[in-house]
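Colleague: What follows is a predicted structure for the sequence shown.
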Amino acid sequence: MTYSPVVYSWRSSLVPLDQTYRAGGQATAGGLTLVGAMISNPEPGGRSELNMAFSTFTSEAQNLDASWTISQILNNAIIRIPIFGYTVQLLSSVAAGGTATDDMGIPWDNNENWDNGMGWEWNPTVAVTATALKGETTAIVDMSALGEVLKIGHVIGFYEDGYDFAHEVMNISYDAGDIATLTISPPLRRDLTLTSEMTFRPKMLVTCSNAREVGGMFSRGRHMAFGAARFVEALV
């Protein structure tokens with residue numbers, strides 16, 4: 001029987017103050033695997049992790065979202081978290097073919113945002129130009145529209161079979177036509193095909209490894225401050 005977990009989306013109001021993505025480590029402890037087991041070293045390449053810190057939440061919407069989020073991560077729920085666009089670990093919005101404000105969201109044609117103040121999600125992509133199998137550490141993509149702007153240390157992503165995966169560029173080379181050959185970590189979690197695309201605004205599927213340290217109390221019943229959170233890649 002195929003394991004098809006429920007995936008919850010990170011609440012967009014809970015924007016971290018600090019954030020760091022780290023590629024797979026061999027001894028990452030705890031986390032969800034294909035059969036739901038908690039183990040230390042699930043497969044070659046290990047699992048990636050995302051560390052985030054937050055300022056105190058001030059609005060009612062933020063604090064309700066924080067309340068929901070704590071309950072979900074305490075239950076080891078799988079959360080889809082974006083790597084937020086302001087980090088140096090992502091290719092800048094200008095280098096990715098956009099504008100300096102695109103990471104704030106793209107407004108409607110009348111220059112209006114949604115009722116929550118957010119615009120359309122900006123998600124620049126490039127085409128994958130060679131197939132690759134799950135478990136491989138090489139991906140080949142067409143960077144001709146942007147040039148040699150992607151570098152080692154950048155975080156990129158793939159969306160396959162309805163799931164999101166983030167990887168760090170560990171090495172990169174370009175040919176004369178700016179076709180880029182990437183060495184990535186952790187390894188691919190799904191096969192890549194000629195219809196696949198690589199995104200510069202990746203998301204990742206995670207569980208929280210320190211949920212009880214993240215949630216605080218509501219100060220005067222109104223405002224919560226999350227502790228530093230450590231999320232570990234969920235292998236689905």
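Modeller: Structure received.

Colleague: Quick check: buried residues in stretch 78-93?
Modeller: Buried residues in stretch 78-93, counted by 16 or more other Cβ atoms under 10 Å: Ile78, Ile79, Ile81, Pro82, Ile83, Phe84, Gly85, Gln89, Leu90, Leu91, Ser92, Ser93. Where you see a C-beta, it was placed from the backbone N, CA and C, and this is true even at glycine.

Colleague: thought the second one was touching Val232?
Modeller: No. Distance between Ile79 and Val232: 11.0 Å, which falls outside the contact criterion (Cβ atoms under 8 Å).

Colleague: which residues are in contact with both of these two?
Modeller: When contacts are counted by Cβ atoms under 8 Å, 6 or more residues apart in numbering, Ile79 and Val232 are jointly contacted by Val206, Thr207, Cys208.

Colleague: Mind checking which of the buried residues of stretch 78-93 are in strands?
Modeller: Ile78, Ile79, Ile81, Pro82 (DSSP state E).

Colleague: show me the contacts for the second one.
Modeller: When the contact criterion is Cβ under 8 Å, 6+ apart, the partners of Ile79 are Val7, Tyr8, Ser9, Trp10, Thr69, Gln72, Ile73, Leu205, Val206, Thr207, Cys208, Phe231.

Colleague: Who does the residue nearest to Phe231 when sequence neighbours are not counted form a beta bridge with?
Modeller: Leaving aside its chain neighbours, Phe231 sits nearest to Val206 (3.7 Å; criterion: Cβ to Cβ, 6 or more residues apart in numbering). Judged by DSSP bridges, the bridge partners of Val206 are Ile79, Glu233.

Colleague: Please list all residues in contact with Val206.
Modeller: Glu49, Leu50, Ile78, Ile79, Ile81, Phe231, Val232, Glu233, Ala234.

Colleague: 6 Å instead?
Modeller: Counting by Cβ atoms under 6 Å, 6 or more residues apart in numbering, Val206 touches Ile79, Ile81, Phe231, Glu233, Ala234.

Colleague: which one of those residues is nearest Thr183?
Modeller: Glu233 (18.2 Å; Cβ to Cβ).

Colleague: Any chance of the contacts of Val206 in TSV with pLDDT as columns?
Modeller: What follows is the contacts of Val206, written out as TSV (pLDDT from 0 to 100):
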residue	pLDDT
Ile79	97
Ile81	96
Phe231	96
Glu233	94
Ala234	93
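
Colleague: and which of the residues you listed is nearest Glu136?
Modeller: Glu233 (16.9 Å).

Colleague: thought that closest one was touching Arg47?
Modeller: Yes. Between Glu233 and Arg47 there is a contact under Cβ atoms under 6 Å: 3.9 Å.
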